[in-house]
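K.L.:
the sequence and its predicted three-dimensional model are supplied below.
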Amino acid sequence: MFLPVIDKRKPGSIFRQILNQIIQKIESGAIIDGYQMPPSRELARMLGVNRSTVVKVYEELWALGYVESTPGSYTRVRKRVPLAKITIRDEPQDSVGQSDFPAGLLNSDLYIDPAAYLSVSETTGYIDLQRLVPDTRLIDHKLIQQCFRDVINDPETDPFGYCDIRGFVPLRQNILKHMNLHGIHASDENILMTSGSQNALHLVFQALVSKEDIVVVESPTYSMVIPLLRLMRCKVLEVPVEEDGMDTQILERIFKRHKVKLVYCMPTFHNPTGITMTQEKREALLQICEQYQTLIVEDGFEEEMKYFGKVHLPIKSMDRIGNVIYLGSFSKIFAPGMRTGWIIAHPEIIRKLTNLKTTFDLSSNTMSQAILHQFCQRGGYELHIRKLMRVYRKRMKKALKALKKYIPHGKASWNEPLGGFLIWLQIHSIKKDEDMEKRLRETGVSVGLGKSFFYTEQKGKFIRISISASDEETIIEGIRRLGSALQSL
Ligand SMILES: Cc1ncc(COP(=O)(O)O)c(C=O)c1O
């Protein structure tokens, strides 16, 4: 059996040394598919390290898609699509998707329908289980005040001026560093700052999709991508979301029949279902889109919020040809009012989107970006993420418990998400949405109604609960009210 060699004089942690050596052996074929890894206890003993180090290595190998394991069985090396550039190092990383970019993926026709409009829902007076916005009471206001003061007083920063057209340079650097934690090793030419992910989606569709092009979305999907797609006048095909993510068999059938331009997906904590796509499906989706030279827009809007079990790395981390466009945002993890997000993509795509963004709004908000940079720089962002994880893990547990307690038997079913803010309920007891809307209004709770998440007709009755805006007690009371509304239907 191959045994990693640990050299304590070498820079980098023991964990990294073991991980890198195992990855190297798998990549080179020295450790083959199906190989049964030794039990963690045994490997730890042979290496003379803590068992927890080996467990961490196995977890990381799993997250990177190198091994698979089922409860009670051994960890085995799995057959997989290799990552774009597997360089698990502590030093600065290489860039993603820098290979020759397939020219057919770009399209320059632009179209705007000025008649299109966006709507915002009203929720005042109700227990809010509808809005997908983080609880901004959790923000360290003192720290933000300090960041603001630093920004204003720093002679190097001009927060009142336009910033670089691809975004505030130091914040770009911070985000690139942060994306490394998610297996996305990009460099500066791969990033464009945006005014949130909605702005990013608009830019992507406007720049890369023409009228009549075919776009695939999940069904259900993010509600505000729907008016955008209508605005673009492209043809939309829907692929159902199953318990383990998008149905890739249906996707493949669509690809065999149609020339698809772009697939929009949310593989991690999908909105509205909260579902996380398995590694197998991530690879299948990537493989299909590579084969047909189709763009993937991966919306990582809640990437950080991992509470239970293991969650995979973004599809972008496996991107080899540069066809994956990754969207990130501060909106769900910090505050939507900062209006700050980012796109990680192939430099060709970034160039095109940057030109378009400059035409639209010259630059993103300098002040917000400078404050966020200070926040990251002072370590506030990582701390904030950890704090949110702790708080929302508890809120999610309470919400799931309350659902079991208060939803009358047989009236609804739901699955338990691994993270994020959303729980998707299928309602079994109603014929018309209007009846449910009326009862929910009467009981004083607002939720997301299923119909707003389907491009075409919804199959079944659904509601989306968001635990993002309310505290534990309010969530429990909201779910109790929901239960009583369903009981009376
Ligand atoms: C899936 C998804 N993508 C993108 C967005 C847009 O977020 P923002 O523009 O605030 O970054 C949202 C907002 O709810 C969302 O749920």
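P.N.:
Yep, that arrived.
K.L.:
phi, psi for the spatially closest residue to residue 48 that is not a sequence neighbour please.
P.N.:
Nearest residue to residue 48, sequence neighbours excluded (Cβ to Cβ, 6 or more residues apart in numbering): residue 6, at 7.8 Å. No exception for glycine: its C-beta is placed from N, CA and C like everyone else's. Dihedral pair for residue 6: phi -100, psi 130, per degrees, to the nearest 10.
K.L.:
who in the stretch 1-150 of the chain is up against the ligand?
P.N.:
Residues of the stretch 1-150 of the chain lying near the ligand by Cβ under 6 Å from any ligand atom: residue 132.
K.L.:
state which one residue of the stretch 1-150 of the chain is found closest to the ligand.
P.N.:
residue 132 (4.7 Å; Cβ to the nearest ligand atom).
K.L.:
try the chain
P.N.:
Relative to the ligand, the nearest point of the chain is residue 196 (2.7 Å; Cβ to the nearest ligand atom).
K.L.:
what's the local residue count around that residue?
P.N.:
Neighbours of residue 196 under the rule other Cβ atoms under 10 Å: 22.
K.L.:
which residues does it contact?
P.N.:
329, 331, 336, 339, 340, 341 (Cβ atoms under 8 Å, 6 or more residues apart in numbering).
K.L.:
can you show me the strands along the stretch 351-489 of the chain?
P.N.:
412-414, 422-427, 445-449, 461-466 (DSSP state E, counting those that start in this stretch).
K.L.:
turn those into CSV, columns for mean pLDDT and mean neighbour count.
P.N.:
Shown next, in CSV, are the strands of the stretch 351-489 of the chain (pLDDT from 0 to 100; neighbours: other Cβ atoms under 10 Å):
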stretch, mean pLDDT, mean neighbour count
strand 412-414, 96, 17
strand 422-427, 96, 21
strand 445-449, 92, 23
strand 461-466, 94, 24
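K.L.:
for the residue of the chain closest to the ligand, which non-adjacent residue is spatially closest?
P.N.:
Residue 196 sits nearest to residue 341 (Cβ to Cβ, 6+ apart), 4.5 Å away.
K.L.:
next, the angle from the lengthiest strand in the chain to strand 422-427.
P.N.:
What stands out as the longest strand in the chain, according to DSSP state E, is strand 235-242. Per axes from the mean of the first three to the mean of the last three Cα atoms, to 10 degrees, the angle that strand 235-242 makes with strand 422-427 is 90 degrees.
K.L.:
direction included, what does strand 235-242 pair against?
P.N.:
strand 214-219 (parallel), strand 245-246 (antiparallel) (DSSP bridges).
K.L.:
who touches the longest one?
P.N.:
In this case it means strand 214-219. Strand 214-219 is contacted from outside by 205, 209, 225, 229, 232, 234-241, 246, 251, 254, 258-266, 270, 454-456, using Cβ under 8 Å, 6+ apart.
K.L.:
do the shortest one as well
P.N.:
Residues external to strand 245-246 that are found in contact with it (Cβ under 8 Å, 6+ apart): 218, 239-240, 265, 267, 270, 275-278, 281-282, 285.
K.L.:
could you dump these into JSON lines and include pLDDT and distance to residue 11?
P.N.:
Converted to JSON lines, these look like this (pLDDT from 0 to 100; distance: Cβ to Cβ, whole Å):
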{"residue": "218", "pLDDT": "98", "distance to residue 11": "43"}
{"residue": "239", "pLDDT": "97", "distance to residue 11": "46"}
{"residue": "240", "pLDDT": "96", "distance to residue 11": "48"}
{"residue": "265", "pLDDT": "98", "distance to residue 11": "38"}
{"residue": "267", "pLDDT": "98", "distance to residue 11": "34"}
{"residue": "270", "pLDDT": "97", "distance to residue 11": "39"}
{"residue": "275", "pLDDT": "97", "distance to residue 11": "40"}
{"residue": "276", "pLDDT": "96", "distance to residue 11": "34"}
{"residue": "277", "pLDDT": "97", "distance to residue 11": "36"}
{"residue": "278", "pLDDT": "95", "distance to residue 11": "35"}
{"residue": "281", "pLDDT": "97", "distance to residue 11": "37"}
{"residue": "282", "pLDDT": "97", "distance to residue 11": "32"}
{"residue": "285", "pLDDT": "98", "distance to residue 11": "37"}
